[in-house]
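Visitor: next input, structure requested:
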Amino acid sequence: MDWTRFKRKYSTFQIIIIGFAAIILIGTGLLMLPFSSRSGEVASLDCALFTATSAVCVTGLIVRDTASYWSGFGQAVILILIQIGGLGVITIAAFIETLAGKKLSVRERGLVVDSISAFQSGGMVRMTRFIIRLSLIVEASGAVLLMPVFCRDYGSEGVWMAVFHSISAFCNAGFDLMGTHSGAFSSLTAYKGSFPVVLVVCLLIILGGIGFWTWHDIITCRRHVRRYKMQSKVILVTTLFFIAVPAVLFFLFEFVDGPLPERISLSVFQSVTPRTAGFNTADLSKISGRGVGLMIALMMIGGAPGSTAGGMKITTVAVLFASAVSVFQRKKDTQLFHRRVEDSVIRRASALLLIYLVLVFVSACAISFMEGISMRECLFETASAAGTAGITLGITPSLGFFSHLILIALMFFGRTGGLTLMYAAISDRKAEVFRRPVETINVG
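Guide: Residues are numbered from 1 along each chain as shown. From the prediction side, this is the model:
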């Protein structure tokens, strides 16, 4: 294929979409090989496609238990797909090109800029290397910290368990090798009282979820917070808020029984993991309606732009909140950290919120109608898919093929980004280059 002609034919957003779709199809083919499953049977198209999409889109929803159904080869394929999906198809492709000694063209730099939500095209080669290097260092460190516990419990297999869970946590994927318990996927429920595991997994999730540009500011500016970009400040403050407040609510209203250390561990973990990570240490079937509602909100919010996380992104929520405050205070401009936010950013944030709310609700209605399942469970599942959270109330494996297709579409939408899909589908030629007359319309 003529790569230069291909790049000219498609927009950067379309190439990003095609890249993710291609990796998913390759992963599907590999998972359908007989030796990808432990039994040697060929996985169904539904199972392989769903698993590959969930891995590339770093979601964690599954139709077959990862530990018992997939062989070592199948698990390795899933882990590679998670790594590619977490770091981004374009990022890895650009890194390989630079390793081969090739220079990135202006168009290729633009691809990297769009794929990692960068601010400018300058320094993309260095940034790509920084992303790969940081990811490998953090994932290796997480694996080393998890090995003592997993090797104690699983022997030599604990090394693979530690590596798998470290990459899965940093990429906010939520895939685990813990198997099932009482007919349900157990995730990390066996380690709810193990602070080493809970702490390491939480840190990996947070480190992957705050975004590589935030890490670049932290490493280059260190304690000089004033030199951080406004986006990094917003991400750090908002992340802290969405960890602390839900943790307090879970502690006060959900995990009210048991020893105090265990309650704290459960509360903190369940405040961190819903924002696209997919692990859980609590039995979600015992969570109240209030807790389910809170988790749905956290799943849709997601992590930071340019991170391994999905969802609407916490910056979207921060911009919408700041816009509302400016309206209440009758200010002319929306401000964050003494900086003005452009109107175009506010419009994009509003569009994203509308897209997510409509898709999650309509998809939940469709699944509820087809499967005869309550809207509560369906909303939880569709929010989990769209937010690439991967947490489930246990209904995903029992859903039919068409319901799985809906969840696959939502996972793809959540990972590639709603606006990326819209920009890929709508031609630039439809953008207006003039402004129409103004007329007032009342709202509220």
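
Visitor: contacts, neighbours, all on C-alpha from now
Guide: OK.

Visitor: all strands for the stretch 201-350 of the chain, in order.
Guide: 334-336, 339-341 (DSSP state E, counting those that start in this stretch).

Visitor: of those strands, flag the one that's most buried.
Guide: strand 334-336 (a mean of 18; mean count of other Cα atoms under 10 Å).

Visitor: surely residue 400 touches residue 373?
Guide: No. Distance between residue 400 and residue 373: 11.8 Å, which falls outside the contact criterion (Cα atoms under 8 Å).

Visitor: can you list the strands of the stretch 201-350 of the chain in JSON lines and add mean pLDDT and distance to residue 412?
Guide: Shown next, in JSON lines, are the strands of the stretch 201-350 of the chain (pLDDT from 0 to 100; distance: least, Cα to Cα, whole Å):
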{"stretch": "strand 334-336", "mean pLDDT": "88", "distance to residue 412": "31"}
{"stretch": "strand 339-341", "mean pLDDT": "88", "distance to residue 412": "29"}
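
Visitor: for the ones you listed, which one sits closest to residue 211?
Guide: Taking Cα to Cα, strand 334-336 is the member of the strands of the stretch 201-350 of the chain nearest to residue 211, at 18.6 Å.

Visitor: and that closest one, what other elements does it pack with?
Guide: If contacts are counted by 3 or more Cα pairs under 8 Å, 6 or more residues apart in numbering; DSSP states H and E, strand 334-336 sits against helix 314-328, strand 339-341.

Visitor: could I get the ones you listed as TSV with distance to residue 139?
Guide: What follows is the helices and strands packed on strand 334-336, written out as TSV (distance: least, Cα to Cα, whole Å):
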stretch	distance to residue 139
helix 314-328	23
strand 339-341	35
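
Visitor: identify whichever of those lies nearest to residue 209.
Guide: Nearest to residue 209 among the helices and strands packed on strand 334-336 is helix 314-328; the distance by Cα to Cα comes to 10.0 Å.

Visitor: where's the closest one relative to the chain centroid, distance-wise?
Guide: On the basis of Cα atoms, centre = their mean, to the nearest Å, helix 314-328 sits 22 Å off its chain's mean C-alpha point.

Visitor: give me the mean pLDDT for it.
Guide: In this model, helix 314-328 has a mean pLDDT of 92.

Visitor: kindly report the same for stretch 370-384.
Guide: pLDDT averaged over stretch 370-384 gives 94.

Visitor: all numbers from here: first residue = 42
Guide: In the new count, where the first residue is 42, that last one comes out as stretch 411-425.

Visitor: gap between it and the chain center?
Guide: Distance, centroid of stretch 411-425 to centroid of chain: 20 Å (Cα atoms, centre = their mean).

Visitor: would you mind writing the CA trace of that stretch as CSV?
Guide: The C-alpha coordinates for stretch 411-425 follow below in CSV (Å, rounded to 0.1, in the frame of the first residue of the first chain):
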residue,chain,number,x,y,z
MET,A,411,-33.8,-6.7,23.7
GLU,A,412,-32.7,-8.6,26.8
GLY,A,413,-35.5,-7.8,29.3
ILE,A,414,-33.1,-6.5,31.9
SER,A,415,-33.7,-3.6,34.2
MET,A,416,-32.5,-0.1,33.1
ARG,A,417,-30.3,0.2,36.3
GLU,A,418,-28.1,-2.7,35.2
CYS,A,419,-28.1,-1.7,31.5
LEU,A,420,-27.2,1.9,32.3
PHE,A,421,-24.3,0.7,34.5
GLU,A,422,-23.0,-1.5,31.6
THR,A,423,-23.4,1.1,28.9
ALA,A,424,-21.7,3.8,31.0
SER,A,425,-18.9,1.3,31.8
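
Visitor: pull out the buried residues from it.
Guide: Neighbour-count burial for stretch 411-425 flags 416, 418, 419, 420, 421, 422, 423, 424, 425 (criterion: 16 or more other Cα atoms under 10 Å).

Visitor: how about stretch 369-378?
Guide: Neighbour-count burial for stretch 369-378 [16+ other Cα under 10 Å]: 375, 376, 377.

Visitor: gap between the two ends of stretch 259-273?
Guide: End-to-end distance of stretch 259-273 (Cα to Cα, to the nearest Å): 9 Å.

Visitor: again with stretch 189-204
Guide: Termini of stretch 189-204 sit 12 Å apart (Cα to Cα).

Visitor: that one - what's its average pLDDT?
Guide: The model assigns stretch 189-204 a mean pLDDT of 94.

Visitor: quick one, what contacts residue 320?
Guide: 215, 216, 217, 228, 229, 314, 431, 432 (Cα atoms under 8 Å, 6 or more residues apart in numbering).

Visitor: among those residues, name the ones in strands.
Guide: Residues of the contacts of residue 320 located in strands (DSSP state E): none.

Visitor: strands along the stretch 42-191 of the chain, start to end?
Guide: Under DSSP E, counting those that start in this stretch, the stretch 42-191 of the chain gives no strands.

Visitor: so which bits of the lengthiest helix in the chain are buried?
Guide: Of all the segments of type helix in the chain, defined by DSSP state H, the longest one is helix 165-195. The neighbour-count check on helix 165-195 (16+ other Cα under 10 Å) flags 165-166, 168-172, 176, 179-181, 183-184, 186-192 as buried.

Visitor: cool, stretch 82-98 as well?
Guide: 84, 87-98.

Visitor: ok, which pair from those residues is furthest apart?
Guide: Longest span within those, Cα to Cα: 84 and 98, 19.7 Å.

Visitor: now for the helix or strand where residue 405 lies, which elements pack on it?
Guide: Per DSSP states H and E, residue 405 falls inside helix 384-412. Counting contacts by 3+ Cα pairs under 8 Å, 6+ apart, helix 384-412 is packed against helix 355-369, helix 416-427, helix 442-457, helix 459-466.

Visitor: those helices into a markdown table, with extra columns for distance to residue 336?
Guide: Formatted as a markdown table, the helices and strands packed on helix 384-412 follow (distance: least, Cα to Cα, whole Å):
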| stretch | distance to residue 336 |
| --- | --- |
| helix 355-369 | 15 |
| helix 416-427 | 8 |
| helix 442-457 | 16 |
| helix 459-466 | 21 |
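
Visitor: hey, which of these is tucked in deepest?
Guide: Of all the helices and strands packed on helix 384-412, helix 416-427 carries the top mean neighbour count, a mean of 26, counting by mean count of other Cα under 10 Å.

Visitor: helices or strands next to that one in the packing?
Guide: Counting by 3+ Cα pairs under 8 Å, 6+ apart, the packing neighbours recorded for helix 416-427 are helix 330-342, helix 384-412, helix 442-457.

Visitor: would you convert the ones you listed into CSV that also reports distance to residue 368?
Guide: Below are the helices and strands packed on helix 416-427 laid out as CSV (distance: least, Cα to Cα, whole Å):
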stretch, distance to residue 368
helix 330-342, 22
helix 384-412, 12
helix 442-457, 29
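
Visitor: nearest to residue 350, of those?
Guide: helix 442-457 (7.8 Å).

Visitor: list of residues touching the closest one?
Guide: Contacts of helix 442-457 (Cα under 8 Å, 6+ apart): 57-58, 61, 87, 91, 94-95, 98-100, 350-353, 400, 404, 408, 411, 423, 426-429, 437, 462.
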